[in-house]
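**Q** Dropping the sequence and predicted coords here.
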Amino acid sequence: MKRYHVTTFGCQMNEHDSERMKGMLESLGYREAPDADVADLILFNTCSIREAADSRFKAHLGHAKRRKRERPEVVIGVGGCWAQSVKDEVFEQFPFVDVAFGPGQVHKLAEFLTSESLTAQGYFEFEGFTGDLPEKRAREFQGWTQISVGCNMACSYCIVPSTRGRDVGRPLGVLVADVERMASEGVTEVTLLGQNVNAYGRDLHRRGFPSATFADLLSAVDAIDGIRRIRYTSPHPQDMKEDVIRAHAELEALCEHVHLPLQSGSSRVLKAMRRTYSRERYLDRVALLREHVPDVAITTDIIVGFPGETDEDFAQTLSLCEEVAYDGAFTFVYSPRRETEAATLPDQVPHEVKVERMDRLVEVIQRRAKERAQRFVGRTVEVLVEGPSRTDPTRLRGRSRHNKVVNFSGLAQPGDYVHVDVESATSQTLMGEESLLARAGAR
Ligand code: 5AD
Ligand code: SF4
């Protein structure tokens, strides 16, 4: 029996793709190896979103090279966005790689492994949905479904449109069937994945499928027996329309959390980023969300040091973050990416300036997140248990519907829904105890 090992970099879409890669390999008779040292097939699912992602992955490839020297029969494969961005150059840079494939070509890995081919192969068409492959879930009660691949936006800093191609949606019926199957296997929390989820459905009619919107999809998934929580990532502020916002208020399973990438609080910078919305329009979306779902948790992504970002632009980002008071944020230093428009812009911001702005941004984000988290103290929140706490194995860890990590003492098992009395809160985590009163009622 052959054994594989997959190392995953990057976003949740890549985690999803890796689960599907593993499912496909298992259907070919492969089994997962505990580590790469004993695997016959060593795979990397790569990311290229920022320079740091590239370099981390290259260090791992160095280890794989050594393993190949010791055991020449080992097959080394590189998939994902970095592979797609360099295509056949993979083999020039790393001659020991046997197979390379982009995110739209995961199924070709099976073809490669079952053929007699002795020469290295690269597969880089935008062709299939990894979501159509079988999956091997990391947790039996949590599932991902890929609702679309690719992205039609043209954000000037972003490599993704070139690594994942045009936005193509999977038909609504296919998605519902996928989630129904997962639910019958014990999944209670599902995350809908796409580069721009709320643009979902625009291409379906043209391709001969019944039309549908993202809000239709949310309702259809909400109606599936056994699905208690729905999450999705990521929406684009431009397409955050009232129907989706209302769905948050109306659908029982749809969680009270929206990850709404901001990128910058300055309309001038947003324009240069080609984000298609202004500061005012973004704030208006936040206001509408809070009007319909007052307690909603809002998180975001922000880039500091975009080319041409002035002190005044950055001050606008800070003031927006003060005003919105995010529940959390991922903050990134701008990093020029190959073949993107922003990489060629003049006025690249010096590294020290980026770092100094980042420190100031993180201070605002954390302070406001901590303040906002205090609203949970004294409340009882529903938690889906994921396993032991990372810092104290005698305690449990899970997530609330608002997507807060909750560390608590209690007796529950992974996959259980319990109620936790929240006693304290930091910017990232809620702490508490399993609620004894609520236990009887919690499933
Ligand atoms: N530099 C820095 N951050 C980036 N992101 C995307 N491209 C870049 C880049 N070139 C960030 C954005 C996006 C998140 C996934 O990564 O904030 O929302
Ligand atoms: Fe995900 Fe973007 Fe990284 Fe690709 S480049 S793995 S889409 S974060």
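**A** Alright, I've got the coordinates. Ligands and ions are numbered 1, 2, ... in the order given.
**Q** Which residues outside the helix or strand hosting Gly432 are in contact with it?
**A** Counting by DSSP states H and E, the element that carries Gly432 is strand 429-434. With contacts defined as Cβ atoms under 8 Å, 6 or more residues apart in numbering, strand 429-434 is touched by 373, 376, 381, 396, 400, 404-412, 418-425. For glycine as for every other residue, the C-beta is placed from the backbone atoms N, C-alpha and C.
**Q** quick one: which of those sit in strands?
**A** Residues of the contacts of strand 429-434 located in strands (DSSP state E): 381, 396, 400, 405-409, 418-425.
**Q** Can you tell me which of the contacts of strand 429-434 are buried?
**A** 373, 376, 381, 396, 400, 404-408, 410, 412, 418-422, 425 (16 or more other Cβ atoms under 10 Å).
**Q** Report the buried residues of stretch 93-106.
**A** Neighbour count says stretch 93-106 has Phe94, Phe96, Val97, Asp98, Val99, Ala100, Phe101, Gly102, Pro103, Gly104, Gln105, Val106 buried, by 16+ other Cβ under 10 Å.
**Q** hmm, that stretch touching ligand 2?
**A** No - Stretch 93-106 is not in contact with ligand 2 by Cβ under 6 Å from any ligand atom; minimum separation 6.9 Å.
**Q** Endpoints of that stretch, how far apart?
**A** 21 Å (Cα to Cα, to the nearest Å).
**Q** How far does it sit from its chain's centre?
**A** For stretch 93-106, the gap between its own C-alpha mean and the chain's C-alpha mean amounts to 22 Å (Cα atoms, centre = their mean, to the nearest Å).
**Q** Dihedrals phi and psi, Ser264?
**A** phi -160, psi 150 (degrees, to the nearest 10).
**Q** Help me confirm that it comes into contact with Arg274.
**A** No - contact criterion Cβ atoms under 8 Å: Ser264 and Arg274 do not qualify, at 11.6 Å.
**Q** Show me which of the two is the more surrounded one.
**A** Per other Cβ atoms under 10 Å, whichever of Ser264 and Arg274 has more neighbours is Ser264, with 25 against 14.
**Q** Quick check: residues of the stretch 1-150 of the chain near ligand 1?
**A** Near ligand 1, when you scan the stretch 1-150 of the chain using Cβ under 6 Å from any ligand atom, you find Ile49, Arg50.
**Q** Which residue ranges of the stretch 1-150 of the chain form strands?
**A** Assigned by DSSP state E, counting those that start in this stretch, the strands in the stretch 1-150 of the chain fall at 3-8, 31-32, 41-46, 75-80, 99-101, 121-123, 142-146, 148-149.
**Q** Reformat those as JSON lines; add mean pLDDT and distance to Phe314.
**A** Shown next, in JSON lines, are the strands of the stretch 1-150 of the chain (pLDDT from 0 to 100; distance: least, Cβ to Cβ, whole Å):
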{"stretch": "strand 3-8", "mean pLDDT": "98", "distance to Phe314": "33"}
{"stretch": "strand 31-32", "mean pLDDT": "98", "distance to Phe314": "45"}
{"stretch": "strand 41-46", "mean pLDDT": "97", "distance to Phe314": "31"}
{"stretch": "strand 75-80", "mean pLDDT": "97", "distance to Phe314": "32"}
{"stretch": "strand 99-101", "mean pLDDT": "97", "distance to Phe314": "39"}
{"stretch": "strand 121-123", "mean pLDDT": "94", "distance to Phe314": "41"}
{"stretch": "strand 142-146", "mean pLDDT": "97", "distance to Phe314": "35"}
{"stretch": "strand 148-149", "mean pLDDT": "96", "distance to Phe314": "33"}
